[in-house]
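Enquirer: With the input below, show me the fold.
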Amino acid sequence: MSGHSKFANIKHKKEKNDAAKGKIFTMIGKEIVVAVKEGGPNPDNNSKLRDVIAKAKANNMPNDTIKRGIDKAAGDANTVNYVQNTYEGYGPNGTAIIVDTLTDNKNRTAANVRNAFTKGGGNVGTTGCVSYMFDKKGQIIISKEDCTMDADDLMMTALDAGAEDFSDEEDSYEVITAPEDFSVVREALEAANIPMAEASVTMIPQNYVELSDEEDIKKMNRILDMLDEDDDVQSVYHNWDE
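Expert: Model (predicted):
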């Protein structure tokens, strides 16, 4: 990632979200509902639910909160049905932005996403307008300060499990997988007691765009902040080289 510290970025994101832990838990709660409705409440038979549980634990969600969420989704026929939508568009200076949402009101979400782009001088485009600039990959980040395993052993564990790539960064290790291999690789690392700072299927930019103009940076941050504050937004991917 252009020589940047991946773990520092993730730590920064987590610290920022600590102030709004309720939002993180709400987002993960929605993902639990969707996973349970799609594949049932038993994580042994539902790899999507296993991945969401791992994400919940990485964000320090208490086990009883996770269990309550699963039980509620499984037992309550009136649980909200969330619809998944993805929006693509452009920020300042042609930066590419992808927004994943889970919502019970598509019209509200579409209006809010468009408003965020507009306020930051960007615009929402058509499906596929920027996603071709990204690769969908499983990405696992392991903090060096939390991992005692030798780098070569860690690499072999990841590659043997089916990872595509392993890189040794300044303060972290990065494991890249094909999306369909993500769960298997994550579970192999979990079985080896390797702590993961972040583990998700994500969109990785093929190239990054630099913003040098102060006004462009301010506008880009406006878009990202507004999207971050929207409860319907689950993930935001962009190719701004911060």
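
Enquirer: next helix or strand past the worst-scoring helix or strand of the chain on mean pLDDT?
Expert: None of the helices or strands of the chain scores lower by mean pLDDT, DSSP states H and E than helix 6-18, at a mean of 55. Going down the chain from helix 6-18, the next helix or strand is helix 21-39, by DSSP states H and E.

Enquirer: Against which helices or strands is that next one packed?
Expert: helix 47-58, helix 63-75, strand 96-103, strand 233-238 (3 or more CB pairs under 8 Å, 6 or more residues apart in numbering; DSSP states H and E). Quick note: C-beta positions are derived from backbone N, CA and C, even for glycine.

Enquirer: Residues in contact with stretch 87-96: which ones?
Expert: Contacts of stretch 87-96 with the rest of the structure, by CB atoms under 8 Å, 6 or more residues apart in numbering, involve 97-99, 101, 110, 113, 117, 120-131, 133-134, 205, 209, 211, 213, 215-217, 219-220, 223, 238-240.

Enquirer: tell me which strands and helices the strand or helix carrying M156 is in contact with?
Expert: Here M156 sits within helix 151-161, counting by DSSP H and E. Other elements packing on helix 151-161 under the criterion 3+ CB pairs under 8 Å, 6+ apart are strand 165-168, strand 172-177, helix 182-191.

Enquirer: buried residues in the longest one?
Expert: What it means is helix 182-191. For helix 182-191, a neighbour-count test (16 or more other CB atoms under 10 Å) marks F182, S183, V185, R186, A188, L189 as buried.

Enquirer: which one is the second one nearest to, not counting chain neighbours?
Expert: Nearest residue to S183, sequence neighbours excluded (CB to CB, 6 or more residues apart in numbering): S47, at 4.4 Å.

Enquirer: Which pLDDT does the model give that neighbour?
Expert: Listed pLDDT for S47 reads 90.

Enquirer: Could you pick out the longest strand of this structure?
Expert: Ranked by number of residues, the top strand in the chain under DSSP state E is strand 134-143.

Enquirer: And it, what's buried?
Expert: Going by neighbour count (16+ other CB under 10 Å), the buried part of strand 134-143 is F134, K137, G138, Q139, I140, I141, I142, S143.

Enquirer: Can you tell me which of these comes closest to T86?
Expert: F134 (11.4 Å; CB to CB).

Enquirer: Look up the closest residue to the closest one, ignoring the ones flanking it.
Expert: M203 (4.0 Å).

Enquirer: Just to be sure, the one you found is in a helix?
Expert: No. With DSSP: H, G, I helix; E, B strand; the rest coil as the criterion, M203 is strand rather than part of a helix.

Enquirer: okay but it is in contact with S131, surely?
Expert: Yes. M203 is in contact with S131 according to CB atoms under 8 Å; the separation is 7.3 Å.

Enquirer: Mutual contacts of the two, please.
Expert: I98.

Enquirer: More neighbours: these two, which one.
Expert: M203 (21 against 16; other CB atoms under 10 Å).

Enquirer: Show me what the more buried one is bridged to.
Expert: K136 (DSSP bridges).

Enquirer: From P62, how far out is it?
Expert: Distance of M203 to P62, given as CB to CB, to the nearest Å: 30 Å.

Enquirer: That concludes my questions; thank you for your assistance.
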